[in-house]
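**Q** Provided below for reference: sequence and predicted model.
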Amino acid sequence: MPGGKVQKLPFIAVRGAGDGPTYYVQAAQHGIELTGTETTRRLALSLNPKELSGSLIAVPVANPLAVRCRMPFYGMREGEPYSMDHPHQMNTLWPGDPRGNETERIAHALHQNLVWRADFVIDLHCHVRWKSKLAISCSWDKRSVEIARYLGLMFVRREPKSAFRGRMRGMLHYVATKEGRAAVAVEHSGMRWIWGDQAKVVARGIMNVMRLHGALPGEPVEPGEQYLYLEDRHVDIESDLEGLIVTDKGPEERVSRGEGIMEIIDLGTLKSTPIRSPIDGVVYELAIMTPNPDTKFSDTMPLATRGCKLASVYRAKKANRINRVGSTHPFTIAQDASRKPKRKP
Ligand SMILES: [Zn+2]
């Protein structure tokens, strides 16, 4: 590795009491896609080995070199666009190469030591914040399509064979499917940050898949309302105005026909024009996409360093009683309960 250093790739293994399938779950093969790291941690902590038939291998950070340089790929220059052609674009390099570049060697180490043991492969990513969460599988593999559905996310993508050309054939979910495993890629919503609520949803979805396979006890929850990305009927709304976008709806939110999704504010006149939905539907994405928004350099990263500021909190002028008095909301109870035992030794 760079400077002759050895790169450790920590993983969590949970071995169940009973026999069953092996799940390989990895996150952060792209260095700014970090919510999946929390998803793997939550998943590993939620599993009771006594109840598990089979095992979990979880790699919270598949590409530490990229995370450390705060970029999608190791060796990217500031402002360099996201691309499938970069020599360190990890999701084109599977199953890796022991004599290749640093990223190829990491992929090889993960594949040779861990992925090959797995029956099921779940590769966690994050796309931009204004796109819905998405579960992606190879359309021709029934078991993979089923996993994508039982993760229970609102949007599901079935990629046809024609989608995999050239370097796309080095994507982990494609390689794993070709090897005879069932595999999905999952996009959380939003990069450069870690959203605990999304990690919770995706970890719960993976446990639902485990229930479907009999690796966990109990019946799986049947997938609810789901939309097939690009396949189901949808409309793309194009702008004929220029101006600032103020959003009223977000990804995965319902919208009625005629209801406002956003407003466009004219910078000259400050006049606002509502953009209304032409159909009753659910928002998949708000297309406020500049080219390569994911590689724009940002100094906002959920990476704590010693001595860095984590938060500023101002003392309330009135007592914070809103959540305590007269509220029966379950969150209040959970919050109060968790407060007591948290005394550090
Ligand atoms: Zn990614």
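**A** Arrived safely. Numbering: from 1, shown residues only.

**Q** all contacts plus neighbour counts: C-alpha atoms, from now on.
**A** OK.

**Q** list the contacts for Asp97?
**A** Glu104, Arg105, Ala107, His108 (CA atoms under 8 Å, 6 or more residues apart in numbering).

**Q** which residue is nearest the centroid of this protein?
**A** A centroid search over the chain (CA atoms, centre = their mean) returns His188, at 2.7 Å, as the residue closest to the centre.

**Q** can you pull the pLDDT of that one?
**A** pLDDT for His188: 97.

**Q** among the contacts of Asp97, which one sits closest to the ion?
**A** Ala107 (14.2 Å; CA to the ion).

**Q** which residue sits closest to that closest one, ignoring its sequence neighbours?
**A** Gly96 (4.6 Å; CA to CA, 6 or more residues apart in numbering).

**Q** ok, Tyr23 - contacts?
**A** Ser55, Leu56, Ile57, Ala118, Asp119, Phe120, Val121, Ile122.

**Q** now do the SS call for it.
**A** Of the three states, Tyr23 takes strand under DSSP: H, G, I helix; E, B strand; the rest coil.

**Q** what's the answer for the one 3 residues further on, then?
**A** Three-state assignment for Gln26 (three-state DSSP): strand.

**Q** now it: how far from Gly205?
**A** Gln26 sits 15 Å away from Gly205, taking CA to CA, to the nearest Å as the criterion.

**Q** who has more neighbours, these two?
**A** For Gln26 versus Gly205, the count of surrounding residues by other CA atoms under 10 Å is larger for Gln26: 26 against 23.

**Q** for that one, name its beta-bridge partners.
**A** Beta-bridge partners of Gln26, counted by DSSP bridges, are Val59, Asp123.

**Q** residue contacts, the residue of the stretch 151-300 of the chain found nearest the ion?
**A** Residue of the stretch 151-300 of the chain nearest the ion, by CA to the ion: Glu187 (7.4 Å). With contact set as CA under 8 Å, 6+ apart, Glu187 has these partners: Leu124, His125, Cys126, His127, Lys133, Leu134, Ala135.

**Q** dump the contacts of Asp97 to a markdown table, plus pLDDT, secondary structure and distance to Ala176.
**A** Compiled in a markdown table, the contacts of Asp97 are given as follows (pLDDT from 0 to 100; DSSP: H, G, I helix; E, B strand; the rest coil; distance: CA to CA, whole Å):
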| residue | pLDDT | secondary structure | distance to Ala176 |
| --- | --- | --- | --- |
| Glu104 | 97 | helix | 16 |
| Arg105 | 97 | helix | 17 |
| Ala107 | 98 | helix | 13 |
| His108 | 98 | helix | 13 |
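
**Q** what about those residues, which one has the most neighbours?
**A** Ala107 leads the contacts of Asp97 on contacts (other CA under 10 Å) with 26 neighbours.

**Q** what count of nearby residues applies to the single nearest residue of the stretch 1-150 of the chain relative to the ion?
**A** Proximity of the stretch 1-150 of the chain to the ion (CA to the ion) peaks at His125, 4.3 Å away. By other CA under 10 Å, the residues close to His125 number 27.

**Q** and if you look at the one 10 residues further on?
**A** Close neighbours of Ala135, defined as other CA under 10 Å, add up to 30.

**Q** so what's Glu104 up against?
**A** For Glu104, counting by CA under 8 Å, 6+ apart, the contacting residues are His88, Met90, Leu93, Trp94, Gly96, Asp97, Pro98.

**Q** one more time with 7 Å, if that's ok
**A** Residues in contact with Glu104 (CA atoms under 7 Å, 6 or more residues apart in numbering) are Leu93, Gly96, Asp97, Pro98.

**Q** any low-confidence regions in the stretch 151-300 of the chain?
**A** 288-300 (pLDDT under 70).

**Q** at 50 what do you get?
**A** Along the stretch 151-300 of the chain, segments meeting pLDDT under 50 span 297.

**Q** would CSV of the contacts of Glu104 with pLDDT be doable?
**A** Shown next, in CSV, are the contacts of Glu104 (pLDDT from 0 to 100):
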residue, pLDDT
Leu93, 98
Gly96, 98
Asp97, 97
Pro98, 95
